[in-house]
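Q: for reference, the sequence and a predicted model appear below.
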6 protein chains.
Amino acid sequence: MTSRLLVSALLLVACSLALASDPSPLQDFCVADRDSKGTYGCQCYTREWRGLQADDFLFRGLHLMGNTTNDVGSNVTAVNVAQLPGLNTLGISMARIDFAPWGLNAPHTHPRATEILTVIEGSLLVGFVTSNPENRLITKRLQKGDVFVFPEGLIHFQQNAGNGYALAIAALSIQNPGTITIANALFGSNPDIACDVLAKAFQVDIKVVQQIQSKF
Amino acid sequence: MTSRLLVSALLLVACSLALASDPSPLQDFCVADRDSKGTYGCQCYTREWRGLQADDFLFRGLHLMGNTTNDVGSNVTAVNVAQLPGLNTLGISMARIDFAPWGLNAPHTHPRATEILTVIEGSLLVGFVTSNPENRLITKRLQKGDVFVFPEGLIHFQQNAGNGYALAIAALSIQNPGTITIANALFGSNPDIACDVLAKAFQVDIKVVQQIQSKF
Amino acid sequence: MTSRLLVSALLLVACSLALASDPSPLQDFCVADRDSKGTYGCQCYTREWRGLQADDFLFRGLHLMGNTTNDVGSNVTAVNVAQLPGLNTLGISMARIDFAPWGLNAPHTHPRATEILTVIEGSLLVGFVTSNPENRLITKRLQKGDVFVFPEGLIHFQQNAGNGYALAIAALSIQNPGTITIANALFGSNPDIACDVLAKAFQVDIKVVQQIQSKF
Amino acid sequence: MTSRLLVSALLLVACSLALASDPSPLQDFCVADRDSKGTYGCQCYTREWRGLQADDFLFRGLHLMGNTTNDVGSNVTAVNVAQLPGLNTLGISMARIDFAPWGLNAPHTHPRATEILTVIEGSLLVGFVTSNPENRLITKRLQKGDVFVFPEGLIHFQQNAGNGYALAIAALSIQNPGTITIANALFGSNPDIACDVLAKAFQVDIKVVQQIQSKF
Amino acid sequence: MTSRLLVSALLLVACSLALASDPSPLQDFCVADRDSKGTYGCQCYTREWRGLQADDFLFRGLHLMGNTTNDVGSNVTAVNVAQLPGLNTLGISMARIDFAPWGLNAPHTHPRATEILTVIEGSLLVGFVTSNPENRLITKRLQKGDVFVFPEGLIHFQQNAGNGYALAIAALSIQNPGTITIANALFGSNPDIACDVLAKAFQVDIKVVQQIQSKF
Amino acid sequence: MTSRLLVSALLLVACSLALASDPSPLQDFCVADRDSKGTYGCQCYTREWRGLQADDFLFRGLHLMGNTTNDVGSNVTAVNVAQLPGLNTLGISMARIDFAPWGLNAPHTHPRATEILTVIEGSLLVGFVTSNPENRLITKRLQKGDVFVFPEGLIHFQQNAGNGYALAIAALSIQNPGTITIANALFGSNPDIACDVLAKAFQVDIKVVQQIQSKF
């Protein structure tokens, strides 16, 4: 019983360590542990520890449409190291993005990754904004078969530009890219950012800030 | 004359190349060109080309208070490779941040850098927000002598938490960290992001979006 | 005229330099030159040089089926920095792989990249082999919607495991991953590798080597 | 007893983690554990844990000739992190290659490293093949005192070009470069790659494939 | 009791591993453990293990003057991952350097970091020496507000160039830059470097070496 | 004539850029220019520019004994990117070190590289010193066939521990590691470091400093 607790505690230590390392691999691969629920499957196994399995390098179900019945009408199905443990240390991940008609993948950043995206079905209006002081919006209407790049760390968005369904497949340049949806991070953080900070930043009345915060 | 044009054109090519390289140095240093106005001083000289000077590694004036009479009441004096050419390839830069009473360095990200900051004078309320899905606000009231870290790519802000003047010195983990002030990038981009994208992202009326856009 | 030659020569110098740099970006982006035919579009432009265009970040036509009427019955449509100049320094690229019935993407390595692949249509038998001394074959039959990883530098292959057409979308962890098709590199190099080297390596008669070489 | 098992299990976890990290050192050094048999000596000790010893940075016996009585007539004595634990995180390793008369170090790749080699004794015919689509063979006959480079991830080989004994010392650009001997990985994997895959890849009859497989 | 020992042993394993990883972050942050005395607070916790606290990203007291009553008349207050656990994996650290009148921060190197420094008070004579064969001394007298760069791995020093007190704030390009004070490393190592080595290196009599060693 | 000057000027720009980039390769290789005397052969050519030659990857003469008739009785023959242009971007280099009886390769650091060394002939006393505050000397007497590691950036030395000749082959973890011979950098810099700085650092009389400086 004590041992069991001990193992659990130490696996958690190990877990945090695994996620701290850099994606440049030092061996053929370093599979993370799919079974450690709640800790994003993070222990790293070499082939010495247990029999390696092809399933360690497999994720199933990217053909399944995500549920877009939400406020923005889009859904991201991520395939990163948490879902596909064989990605550990290998510097890449994937995602599927579904869009209801006019659905929006709201402005967000990936703090540690560039994104490349191709449209499988439908038409998307996409854009990213360059950093200060220019804040240029680079925007394009994409058709089926178009490929577009969103550089590392820049704010970007994708919107279904049509009445039909739209689908994109994206890849990201690290095993765990992270996502910061701007509106959620600013107006839906836990706890709230002080109203006066947001009011001054966006140059609006505090009541507008409170109104937006109430939605998140 | 043709030659002169040619040289200019090629220096611009060279310039873009210099900035494309990684900060891991391959020689003692690689000084960028301070004199190429408008291109951020980016050509890289080896010691073979011209006499190396101590001034290549020097920036003067970080003791001078920045002008904080603006909408947010703060001012950032950056010392990166554009101002200090000797920083080229060396993976670090610095900044001074001045705050009028209650002044705000509005929520922003550095897409390629972690920031470490120490309070030289006054008191600051600082915070950063973790990525999805938690969006936890990590916040602290800093006093003189406090040092705080803002991890790479995360949204963060600093606010003068007092009626006096405040001053901080910050360092960033790359020669050209970039800054994305969220409100400016979203509501003041050039051209504008479509109103309906922002309205859906922030779940507000289009009129509110237009009102905010008019301020930027 | 001399100047024109000079410019061409120097653009080639610049070109080679651009491709020598590391993918860690030092600015928002660093677009390569789409127009320099034969040199893989490699000059890098900053925003100071010319107007930035959304098309710099765009590739069109990944929905078009590749021509699979060849010896192995497969076709790779690559979207790397040569086809999509905005990828320069950003550490990622994409590809579409078409398979005729029972078509094979023959055993190959990417010397500088991990590959992640998802099956859009059909069914694929995929595998990779671990390094010495174990040389374990990790293999899986993939269905539509499956995602699989091929770790950096390891030999891998994909085969259409059915009578229908098959399609996969892949992403790679660098802007210019390179491909080494093993059979072509060993038996179809220019000039040929000496017969006795290959005969000893594969432990076959020199006649067998010559027979294979005649096919490539 | 339970504790002992527990310790073993956890050392294995730790071990796998150590090998997952990148070679950029974060401290003076990080010695791996020489004593953990079968797991490639992978735990990493700081100086706080035990007394540091000069032997942690020492490997003995590179002057000893390797046994070249095998099918190819060559032998590689590797000195990487498994043999020299002090190399952990430091980004380099070494090897000695012995050649019987006309002996061959058969075509192989190092998936994570460039190799530099100098001939100590004898004469070697060496070569590497560039990636697709050119697959150019770069080849040279080396004499005593020659130094040659084999770029990261490319297929290369060395053959004793004389009736005498030959010896080379090589260094590789990472602590654990890995080796993929092409013939072994393709025709001697465990389990076998399907015959039809290899037959189509090399454009030979399935019987030829089976014949080669039987040798490995 | 056994369990307690076991936990301690394993935390030390974990500790050494945490410090072995590269500063490129794979998640928002990876806080090290402030409480593990003697091991520089090195375990890495993810947010799953315990409640994250703002104090993990905070160091207090950089406004306090260091004690400069020592042989060289200077004092460095370092704020690296040992003092500020939130810096773990984030690639930056900070320091305060106090100088008594004419005090000297003696010639030293940081084996893994570039240093950027700004003078807060007083005037400093600073310099660094380039590598062989030129060994050029790049030197400058700095005033309040000056910023200067000391490239990675080069020998450098700072001296208070006045009768008053002087103060500088420095930042370094890694979480644990390390410092090698040349005189101490050469003449005060434990055990001593053999006298004849130092005598030949500095081309002085052995008695001079012994005299210097006796001071350290 | 003007064009010729122009080309020269621009090749020098290009040259400085090539050396500024990181060793992670973005293509199979990137050969530097062997012919640009005085600029360390630094332009980078892709295969598009000119016919690639095996000689680009070759250095001849490492079997030749260096001249050890100098003050310290040792000689280093370096093979880095200046001597072997094909090493450009590939992250490794090599050296031969000759020792007269009791000859010394005086204490030095490589600011950007780890060194691994094997003794080909004779016997060497080697050592390195860890960073502050411990400054532990790790030392070993090496015999023929011994391999030893000197971690990145640490001060180290090798001394012939016998009356015969000694020879070592070393490899370094970057294409241009740089060397800082401590005594030369401190007492033989150009211009001199101020006497009082060195006197205070080494805690000796200024006359001793001047005496040492006169030797360099």
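A: Cool, the structure landed.

Q: so how far is A:Asp98 from A:Val72?
A: Distance check for A:Val72 against A:Asp98: by Cβ to Cβ, to the nearest Å, it reads 11 Å. (Glycine included, C-beta is placed from N, CA and C.)

Q: for A:Gly145, same thing?
A: Taken as Cβ to Cβ, the span from A:Gly145 to A:Asp98 is 18 Å.

Q: okay, these two: which has more neighbours?
A: A:Asp98 (23 against 15; other Cβ atoms under 10 Å in any protein chain shown).

Q: checking the more buried one next. Helix, strand or coil?
A: Following DSSP: H, G, I helix; E, B strand; the rest coil, we place A:Asp98 in the strand state.

Q: in contact with it, which residues?
A: A:Met65, A:Gly66, A:Thr68, A:Ser74, A:Asn75, A:Thr77, A:Tyr165, A:Ala166, A:Leu167 (Cβ atoms under 8 Å, 6 or more residues apart in numbering or on different chains).

Q: how about it: what's its closest non-neighbour residue?
A: Leaving out its chain neighbours, the residue that sits closest to A:Asp98 by Cβ to Cβ, 6 or more residues apart in numbering or on different chains is A:Gly66, at 4.2 Å.

Q: let's verify that neighbour: helix, strand, or coil?
A: Under three-state DSSP, A:Gly66 comes out as coil.

Q: would you list every one of the helices in chain A?
A: Assigned by DSSP state H, the helices in chain A fall at A:2-20, A:182-187, A:195-202, A:206-215.

Q: now the first one: average pLDDT?
A: Helix A:2-20 shows a mean pLDDT of 44 in the predicted model.

Q: what of the last one?
A: For helix A:206-215, the per-residue pLDDT values average out at 95.

Q: that helix versus helix B:206-215: what angle between them?
A: On the basis of axes from the mean of the first three to the mean of the last three Cα atoms, to 10 degrees, helix A:206-215 is oriented at 130 degrees to helix B:206-215.

Q: the spatially closest residue to A:Ile97 that is not a sequence neighbour pairs with what?
A: Once flanking residues are discounted, A:Ile97 sits nearest to A:Ala168: 4.6 Å by Cβ to Cβ, 6+ apart. A:Ala168 forms beta bridges with A:Ile97, A:Val119, as assigned by DSSP bridges.

Q: picking that back up, what pLDDT is listed against the residue nearest to A:Asp98?
A: Note on A:Gly66: pLDDT of 97.

Q: now it: how far from chain C?
A: 12 Å (Cβ to the nearest Cβ, to the nearest Å).

Q: got the contact list for that residue?
A: Taking Cβ under 8 Å, 6+ apart as the test, what A:Gly66 contacts is A:Asn75, A:Val76, A:Thr77, A:Arg96, A:Ile97, A:Asp98.

Q: apply 7 Å and report the result again.
A: A:Asn75, A:Val76, A:Thr77, A:Arg96, A:Asp98 (Cβ atoms under 7 Å, 6 or more residues apart in numbering or on different chains).

Q: isn't the fourth one up against A:Thr77?
A: I take that to be A:Arg96. Yes: A:Arg96 is within contact range of A:Thr77, at 4.3 Å (criterion: Cβ atoms under 7 Å).

Q: got any ranges where chain A has weak pLDDT?
A: A:1-27, A:29-30, A:32-51 (pLDDT under 70).

Q: hmm, try it at 90
A: A:1-53, A:56, A:81-82, A:85-91, A:112, A:134, A:174-176, A:216 (pLDDT under 90).

Q: re earlier: nearest to chain C, out of the contacts of A:Gly66: which one, please.
A: Distance to chain C, by Cβ to the nearest Cβ, is smallest for A:Arg96 among those, at 8.2 Å.

Q: report how many residues lie close to that closest one.
A: 23.

Q: and the one 5 residues further on, by the same measure?
A: When neighbours are defined as other Cβ under 10 Å, A:Pro101 has 14 of them.

Q: mind checking how far A:Phe216 is from C:Ala78?
A: 41 Å.

Q: who does A:Thr109 bridge with?
A: A:Ile180.

Q: wait, what's in contact with it?
A: By Cβ under 7 Å, 6+ apart, the residues touching A:Thr109 are A:Gly153, A:Leu154, A:Ile155, A:Ile180, B:Thr109, B:Gly153.

Q: against chain D, how distant is the residue nearest to A:Ile97?
A: 29 Å.

Q: thought A:Val126 was touching that residue, still the case?
A: No: between A:Ala168 and A:Val126 there is no contact under Cβ under 7 Å: 8.9 Å.

Q: give me the common contacts of those two.
A: Common neighbours of A:Ala168 and A:Val126 (Cβ under 7 Å, 6+ apart) are A:Gln158.

Q: would you put the C-alpha positions of stretch A:164-171 in PDB?
A: Output of stretch A:164-171 as PDB, limited to C-alpha atoms (Å, rounded to 0.1, in the frame of the first residue of the first chain):
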ATOM      1  CA  GLY A 164     -21.500  24.100 -46.000                       C
ATOM      2  CA  TYR A 165     -19.400  22.100 -43.700                       C
ATOM      3  CA  ALA A 166     -15.600  22.600 -43.800                       C
ATOM      4  CA  LEU A 167     -12.700  20.500 -42.700                       C
ATOM      5  CA  ALA A 168      -8.900  21.100 -42.300                       C
ATOM      6  CA  ILE A 169      -6.000  18.900 -41.300                       C
ATOM      7  CA  ALA A 170      -3.200  20.800 -39.600                       C
ATOM      8  CA  ALA A 171       0.300  19.900 -38.300                       C
END
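
Q: gap between it and the chain center?
A: Between the centre of stretch A:164-171 and the centre of its chain there are 15 Å (Cα atoms, centre = their mean, to the nearest Å).

Q: which positions in it come out as buried?
A: A:Ala166, A:Leu167, A:Ala168, A:Ile169, A:Ala170, A:Ala171 (16 or more other Cβ atoms under 10 Å in any protein chain shown).

Q: can you check stretch A:135-148 too?
A: Under the neighbour-count criterion of 16+ other Cβ under 10 Å, stretch A:135-148 has A:Asn135, A:Arg136, A:Leu137, A:Ile138, A:Thr139, A:Lys140, A:Leu142, A:Lys144, A:Asp146, A:Val147, A:Phe148 buried.
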